[in-house]
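> need a 3D model of the sequence below.
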Amino acid sequence: MQRRLHIILFVVLSLALLLVSVADLMLGTTLIPLDDIWRVLAGESANLNYQKIILDLRLPKIVVALLAGAALAVSGLEMQTLFRNPLAGPYVLGINSGASLGVALFTLSAPVMGLVSGSLFMRIGLTGMAWIGSALILLMVMALSRKIKSVSTILIIGMMLGSAISAVVGVLQYMGSDESLKAFVVWTMGSLSTVTRGDIWVFAPAIILGLVLSVSVIKPLNMLLLGESYARTMGLHVTRSRLIIFLSTTLLAGSVTAFCGPIGFIGLAMPHLARLTFRTADHRVLLPATMLWGALSMVLCALLSDLVAHSSVVLPVNTITALLGVPIIIFVVIRNRNRQ
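Okay, the predicted model is just below:
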């Protein structure tokens, strides 16, 4: 009975994701009919404007939204399971702060190098420095995790690293010029539209590799639900599993942060939404369910952004994810409190 319910839910979520994606292709500042969308995708359309809008703007953004939503949701699920903390998210290890430090250093030096905001080199530099900052934090956490057995201690160290780096970023912002400060603030708001078709060839493999790693630790994640001590008695190599989870999380959350900016609440809220709808803690079901909910929520955010853009106002993606994610988190906190 439960398996049948899970299949129905997967089908419903998949259809909803397809419908929202098609709606996102149709709607925006220019309304494109469904039959014209099909002609463009099939390569049979002679309308150059529609081809440019769909193939260069809307379709890449939907692909990025699908990958980013799935990545953030899965990385959040991994962190919540590993740390056994319902309020843990994909950025608890300081990945977000490391990326912010890299971007802050770059934007501070950009005017000195003569780089103009919005230029190709500026965009490549922002992405590259965010990746480097995330990777350095990963290496630091992985080195600590080989020596520290307690996962709670690693969580605390990650949070302290994040706080220290945020303080450094604050100093850099204070020292920066108006142009560099504006570039950094725009990056922190998050955007799905900055990733081009060329960027996807780098972005997609990193996300897919992170998702493959997360699938490879489904069994360890199920064991870790009952604690590391229990997992060790069941023969699990906890240190190795933890390293794979850290690497997966950094590839997923770090790549999204580098290319799209720090996008909040998706990684925190979607795992809870998957648990509420599928009513299971088994990661064989929970991981693909979380992936679907994450992708659906991010494409929905992109659609809402396009609908607002139709009114000549462009909302940062972080404002929309917050509006979607905050009610879910409040509900989970109240629900858990009532159970105590």
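> contacting residues around the spatially most central residue of the chain?
Of all residues in the chain, the one closest to the mean position by Cα atoms, centre = their mean is residue 72, 3.0 Å from it. With contacts defined as Cβ atoms under 8 Å, 6 or more residues apart in numbering, the neighbours of residue 72 are 90, 252, 253, 256, 263, 266, 267, 270, 294, 298. C-betas here are computed from N, CA, C, even on glycine.
> may I ask which helix or strand encompasses it?
Following DSSP states H and E, one finds residue 72 within helix 59-83.
> do the same with residue 41
Counting by DSSP H and E, residue 41 is found in helix 34-42.
> what angle separates that helix from helix 59-83?
80 degrees (axes from the mean of the first three to the mean of the last three Cα atoms, to 10 degrees).
> rewinding a little: in the contacts of residue 72, which residue is surrounded by the most others?
Counting neighbours by other Cβ atoms under 10 Å, the top entry in these is residue 256, with 36 neighbours.
> what sits against the closest residue to residue 73 other than its chain neighbours?
Leaving aside its chain neighbours, residue 73 sits nearest to residue 294 (2.6 Å; criterion: Cβ to Cβ, 6 or more residues apart in numbering). The neighbours of residue 294, taking Cβ under 8 Å, 6+ apart as the test, are 69, 70, 71, 72, 73, 74, 266, 267, 270.
> pretty sure the third one is touching residue 254, no?
No - the pair residue 71 and residue 254 does not pass the contact test of Cβ atoms under 8 Å, sitting 9.5 Å apart.
> what's the burial count for residue 32?
Neighbour tally, residue 32, other Cβ under 10 Å: 18.
> contacting residues around it?
25, 26, 50, 53, 54.
> output the below-cut-off pLDDT ranges for the protein.
For the chain, applying pLDDT under 70 flags the ranges 46, 110-123, 149, 309-314, 336-340.
> how near is residue 308 to residue 253?
26 Å (Cβ to Cβ, to the nearest Å).
> of the contacts of residue 32, which belong to strands?
Among the contacts of residue 32, no member falls in strands (criterion: DSSP state E).
> got TSV for the residues you listed, with neighbour count too?
Shown next, in TSV, are these (neighbours: other Cβ atoms under 10 Å):
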residue	neighbour count
25	23
26	18
50	17
53	19
54	23
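> hang on, the earlier thing: list the buried residues in the helix holding residue 41.
36, 37, 39, 40 (16 or more other Cβ atoms under 10 Å).
> other residues contacting it?
Taking Cβ under 8 Å, 6+ apart as the rule, helix 34-42 contacts 22, 25, 26, 45, 47, 50, 51, 54, 55.
> same list (the residues you listed) but as CSV, adding distance to residue 126.
CSV is the format used below for those (distance: Cβ to Cβ, whole Å):
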residue, distance to residue 126
22, 31
25, 27
26, 31
45, 34
47, 34
50, 30
51, 28
54, 26
55, 24
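> returning to that earlier point: would you reformat the contacts of residue 72 as JSON lines and include secondary structure and distance to residue 204?
Formatted as JSON lines, the contacts of residue 72 follow (DSSP: H, G, I helix; E, B strand; the rest coil; distance: Cβ to Cβ, whole Å):
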{"residue": "90", "secondary structure": "coil", "distance to residue 204": "18"}
{"residue": "252", "secondary structure": "helix", "distance to residue 204": "12"}
{"residue": "253", "secondary structure": "helix", "distance to residue 204": "16"}
{"residue": "256", "secondary structure": "helix", "distance to residue 204": "12"}
{"residue": "263", "secondary structure": "coil", "distance to residue 204": "17"}
{"residue": "266", "secondary structure": "helix", "distance to residue 204": "18"}
{"residue": "267", "secondary structure": "helix", "distance to residue 204": "19"}
{"residue": "270", "secondary structure": "helix", "distance to residue 204": "20"}
{"residue": "294", "secondary structure": "helix", "distance to residue 204": "15"}
{"residue": "298", "secondary structure": "helix", "distance to residue 204": "15"}
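> and which of the residues you listed is nearest to residue 141?
residue 253 (12.3 Å; Cβ to Cβ).
> what sits against the nearest residue to the closest one once chain neighbours are set aside?
Using Cβ to Cβ, 6+ apart and skipping the chain neighbours, the partner closest in space to residue 253 is residue 90 (3.8 Å). By Cβ under 8 Å, 6+ apart, the contact list for residue 90 reads 72, 75, 76, 79, 249, 252, 253, 267, 268.
> so how far is residue 41 from the last one?
Same thing as residue 268. 34 Å.
> same question, residue 95
35 Å.
> for residue 141, same thing?
42 Å.
> and residue 226, helix, strand or coil?
coil (DSSP: H, G, I helix; E, B strand; the rest coil).
> which ones are touching it?
Residue 226 makes contact with no residue under the criterion Cβ under 8 Å, 6+ apart.
> mind checking how far the helix or strand hosting residue 138 is from the chain centre?
In this structure, residue 138 sits in helix 120-147 according to DSSP H and E. Chain-centre distance of helix 120-147: 15 Å, with Cα atoms, centre = their mean, to the nearest Å.
> helix or strand right after that helix?
Next element after helix 120-147 (DSSP H and E): helix 151-175.
> kind regards, and thank you for your time.
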